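[1] When you get a sec, could you give me coordinates for this:
(one chain, ligands or ions: 2)
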Amino acid sequence: MSPPATIVTPSLVHELDIVIPTIRNLDFLEQWRPFFQPYHLIIIQDGDPSVKIRVPDGYDYELHNRNDINRILGPKSSCISFKDGACRCFGFLVSKKKYIFTIDDDCFVAKDPSGHEINALAQHIHNLLTPATPFFFNTLYDPYREGADFVRGYPFSLREGVPTAMSHGLWLNIPDYDAPTQLVKPRERNTRSWPADRYVDAVMTIPKGTLFPMCAMNLAFDRELIGPAMYFGLMGDGHPIGRYDDMWAGWCAKVTCDHLGLGVKTGLPYISHSKASNPFVNLKKEYKGLFWQEDMIPFFQSVTLPKECTTAQECYIELSKLVKEKLGLIDPYFEKLSDAMVTWIDAWNELNPMTDGAAMIDQGSTI
Ligand SMILES: O=c1ccn([C@@H]2O[C@H](COP(=O)(O)OP(=O)(O)O[C@H]3O[C@@H](CO)[C@H](O)[C@H]3O)[C@@H](O)[C@H]2O)c(=O)[nH]1
Ligand SMILES: [Mn+2]
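    Ligands and ions are numbered 1, 2, ... in the order given. Reported below is the predicted structural model:
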């Protein structure tokens with residue numbers, strides 16, 4: 001379902017890039033053509049750079065493989081993962097647009113319960129252009145949606161909301177499960193009809209102080225507000241962990257949004273996820289993350305950033321110090337990750353000299 005027709009959602013064709021990490025031909029773009037064709041694509045080709053990736057005709061795109069990443073970043077390319085979808089964050093780095101939409105190459109156009117094709121991009125744009133409400137939960141969900149509003153008892157001093165930095169979409173068909181869950185529920189599908197009936201027609205702001213497991217399959221964000229915090233970490237080749245790229249970025253970005261007074265939304269739009277990656281391969285990649293996360297989550301829940309940090313870059317550098325100090329005790333990996341977080345910000349500032357990130361947003365008047 002796209003945003004209601006009465007709310008005109010600008011296309012943002014000149015303000016938004018679509019970033020796709022890939023190891024395969026991009027035939028999936030044929031199905032997205034009605035929605036994606038006007039936009040510039042940034043394709044990050046992972047794996048062997050000598051492999052030719054086929055992009056359907058008629059798309060305006062730039063494609064970066066590992067040789068390009070090494071050439072553009074030089075020694076800083078060490079912070080960009082290889083042989084893991086985490087490489088997509090290079091696209092966030094080189095984009096020059098205000099907004100990013102990132103999607104996996106096994107994600108297709110979904111249909112809502114009435115059978116209409118969902119323009120996921122239009123819904124993300126609507127989510128990003130309307131305020132978020134992290135300081136007080138609205139029980140009718142998104143108050144800025146046609147036909148909804150703030151419910152009785154919602155403080156008027158908070159109804160202006162705050163800028164939305166991230167829009168986290170969901171998935172029909174193959175849900176984004178971790179390997180153990182995938183192994184015990186191999187045939188589970190998230191369908192829009194009975195008995196699953198898991199098409200939830202809602203967008204909600206994730207409250208301040210609450211973390212969430214960010215999936216990069218169907219994700220949009222405001223690059224100027226939160227781009228510097230959207231680093232997907234050291235994953236894949238040469239590293240002890242994989243498939244925690246988007247999770248890591250989501251935890252860092254959420255604590256940064258909370259500190260800067262920015263909003264994160266989850267819910268609509270849905271895409272249809274077509275391929276279940278191999279659960280045994282995934283288990284090997286995720287293994288350390290499955291128990292490290294029992295320490296990572298309390299760490300992020302305990303993070304407080306100094307009030308002097310007023311931009312995403314400043315928050316992120318502070319976070320990198322805390323990662324080294326606190327998580328470095330778990331495993332030397334986190335010391336390397338902390339250093340890579342600093343390298344990422346150096347690369348960000350080098351490629352984006354003009355953006356000084358978001359100044360701290362008014363935390364919303366207390367009532
Ligand atoms: O080595 C690789 C592997 C994959 N990619 C690209 O990354 C995305 C996601 O890959 P895939 O769909 O095969 O894996 P999933 O398990 O479904 O993905 C989930 O894991 C998350 C963490 O990576 C991901 O965002 C989730 O959706 C595809 O576009 C692959 O082409 C890669 O670049 N390098
Ligand atoms: Mn997938």
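[2] Please verify my assumption that residue 134 contacts residue 258.
    Yes - using CB atoms under 8 Å, residue 134 is in contact with residue 258, at 7.2 Å. Just so you know, the C-beta spots here come from the backbone N, C-alpha and C atoms, and that holds for glycine as well.
[3] Secondary structure element holding the nearest residue to residue 219 once chain neighbours are set aside?
    Among residues not flanking residue 219 along the chain, residue 102 sits closest, at 5.2 Å (CB to CB, 6 or more residues apart in numbering). Assigning secondary structure by DSSP states H and E places residue 102 in strand 99-103.
[4] So what are the sheet partners of that strand and their directions?
    Taking DSSP bridges as the criterion, strand 99-103 pairs within the sheet with strand 16-22 (parallel), strand 218-222 (antiparallel).
[5] Toward the C-terminus, what is the element adjacent to it?
    Under the assignment DSSP H and E, the closest C-terminal helix or strand after strand 99-103 is strand 107-109.
[6] which helices and strands sit right next to that following strand?
    Judged by 3 or more CB pairs under 8 Å, 6 or more residues apart in numbering; DSSP states H and E, the packing partners of strand 107-109 are helix 29-36, strand 263-273.
[7] returning to that earlier point: mind listing what's buried along the strand holding residue 102?
    Buried residues in strand 99-103, defined by neighbour count with 16 or more other CB atoms under 10 Å: 99, 100, 101, 102, 103.
[8] Could you export stretch 333-353 as CSV, keeping only the C-alpha atoms?
    What follows is the C-alpha trace of stretch 333-353 in CSV, where atoms were taken according to Å, rounded to 0.1, in the frame of the first residue of the first chain:
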residue,chain,number,x,y,z
TYR,A,333,37.6,-7.9,17.5
PHE,A,334,35.9,-4.9,19.1
GLU,A,335,39.2,-3.0,19.4
LYS,A,336,39.6,-3.4,15.6
LEU,A,337,36.0,-2.5,15.1
SER,A,338,36.5,0.7,17.2
ASP,A,339,39.5,1.7,15.1
ALA,A,340,37.4,0.9,11.9
MET,A,341,34.6,3.2,13.2
VAL,A,342,37.2,6.1,13.4
THR,A,343,38.5,5.2,9.9
TRP,A,344,34.9,5.3,8.6
ILE,A,345,34.4,8.8,10.0
ASP,A,346,37.7,9.9,8.5
ALA,A,347,36.6,8.5,5.2
TRP,A,348,33.1,10.1,5.6
ASN,A,349,34.6,13.5,6.3
GLU,A,350,37.1,13.2,3.4
LEU,A,351,34.4,12.3,0.9
ASN,A,352,31.8,14.6,2.4
PRO,A,353,33.7,17.7,3.6
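[9] average model confidence for that stretch?
    Mean pLDDT, computed over stretch 333-353, is 97.
[10] I'd like the distance between residue 58 and ligand 1.
    20 Å (CB to the nearest ligand atom, to the nearest Å).
[11] number of nearby residues for that residue?
    If you count neighbours by other CB atoms under 10 Å, residue 58 ends up with 9.
[12] how far away is it from residue 109?
    17 Å (CB to CB, to the nearest Å).
[13] cool, and residue 247?
    Relative to residue 109, residue 247 is positioned 26 Å away (criterion: CB to CB).
[14] What is the burial count for residue 184?
    For residue 184, the neighbour count with other CB under 10 Å is 10.
[15] that older thread, same drill for residue 247 and residue 109, tell me which one is more crowded.
    Counting neighbours by other CB under 10 Å for residue 247 and for residue 109 shows that residue 247 has the greater number, 23 against 18.
[16] phi, psi of that one?
    Summarising the backbone geometry of residue 247 under the convention degrees, to the nearest 10, its torsions are phi -60, psi -50.
[17] wait, doesn't it sit right on residue 214?
    Yes - shown here, residue 247 and residue 214 form a contact pair, counting by CB under 8 Å, at 6.3 Å.
[18] what sits in contact with each of residue 134 and residue 258?
    Residues touching both residue 134 and residue 258 comprise residue 208, with contact defined as CB atoms under 8 Å, 6 or more residues apart in numbering.
[19] still on that earlier bit, pLDDT (mean, whole number) over the strand holding residue 102?
    Strand 99-103 carries an average pLDDT of 98.
[20] That strand vs strand 263-273, what angle?
    For strand 99-103 and strand 263-273, the angle between their directions (axes from the mean of the first three to the mean of the last three CA atoms, to 10 degrees) works out to 30 degrees.
[21] so what secondary structure elements neighbour the longest helix along the chain?
    The single longest helix within the chain, with elements called by DSSP state H, is helix 279-302. Counting by 3+ CB pairs under 8 Å, 6+ apart, the packing neighbours recorded for helix 279-302 are helix 179-184, helix 245-260, helix 312-326.
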